[in-house]
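*Asks:* Pasting the sequence and the predicted coordinates here, then a few questions.
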Amino acid sequence: MNKPLLGTILGGILGIFDGLSALISEPSVAPEITSIVIGSTFKGLLAGALIGWFARKVDNVGAGIAFGLLVAGSFAAMVAWMDGRGYWWQMMLPGCALGAIVGFATQKYGVRARAA
């Protein structure tokens with residue numbers, strides 16, 4: 001599977017679990033869990049696509065993990081800032097984990113595009 005597609009699929013799947021982690025870290029958000037999971041899935045899809053694009057350009061596992069942390073961490077920080085309820089760590093930790101995992105997986109398991 002090519003790297004951007006792998007990143008997008010894995011980012012979406014991990015985004016679901018990122019959203020569901022809100023039930024563990026802050027049970028009071030249970031009434032909003034549907035919108036949280038949808039938002040986290042979209043955030044994971046977008047981050048995964050960007051991380052996969054980067055993995056296509058740069059073939060380095062460490063750089064892929066760092067870029068994944070940067071992209072997914074930035075998205076999580078934006079969402080935490082927009083939320084305004086002070087759940088910074090509850091949003092940042094799963095978001096950064098998503099980025100690191102997708103960054104690693106796209107570099108390690110994604111197939112590099114063939115030269116024309």
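*Replies:* Sure, I can see it.

*Asks:* Quick check: phi and psi at Tyr87.
*Replies:* phi -90, psi 50 (degrees, to the nearest 10).

*Asks:* I'd assumed Gln107 was in contact with Leu6.
*Replies:* No. At 10.0 Å, Leu6 and Gln107 do not qualify as touching, with contact defined as C-beta atoms under 8 Å. (Each C-beta comes from the backbone N, C-alpha and C, glycine too.)

*Asks:* Who has more neighbours out of those two?
*Replies:* Taking other C-beta atoms under 10 Å, Leu6 and Gln107 do not tie; Gln107 has more neighbours (26 against 22).

*Asks:* need the contact list for the more buried one.
*Replies:* Gln107 makes contact with Lys3, Ala55, Asp59, Asn60, Val61, Ala63, Gly64, Ile65, according to C-beta atoms under 8 Å, 6 or more residues apart in numbering.

*Asks:* helices or strands next to the longest helix seen in the chain in the packing?
*Replies:* Longest helix in the chain, counting residues (DSSP state H): helix 33-57. Helix 33-57 is packed against helix 3-25, helix 61-83, helix 88-109, with contacts defined by 3 or more C-beta pairs under 8 Å, 6 or more residues apart in numbering; DSSP states H and E.

*Asks:* if we can go back for a sec, of the contacts of Gln107, buried ones?
*Replies:* Listed as buried from those are Lys3, Ala55, Gly64, Ile65; burial here means 16 or more other C-beta atoms under 10 Å.

*Asks:* Export the residues you listed to JSON lines and append columns for distance to Ile16 and pLDDT.
*Replies:* Shown next, in JSON lines, are the buried ones among the contacts of Gln107 (distance: C-beta to C-beta, whole Å; pLDDT from 0 to 100):
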{"residue": "Lys3", "distance to Ile16": "21", "pLDDT": "95"}
{"residue": "Ala55", "distance to Ile16": "21", "pLDDT": "96"}
{"residue": "Gly64", "distance to Ile16": "22", "pLDDT": "97"}
{"residue": "Ile65", "distance to Ile16": "21", "pLDDT": "98"}
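
*Asks:* That'll do, ta.
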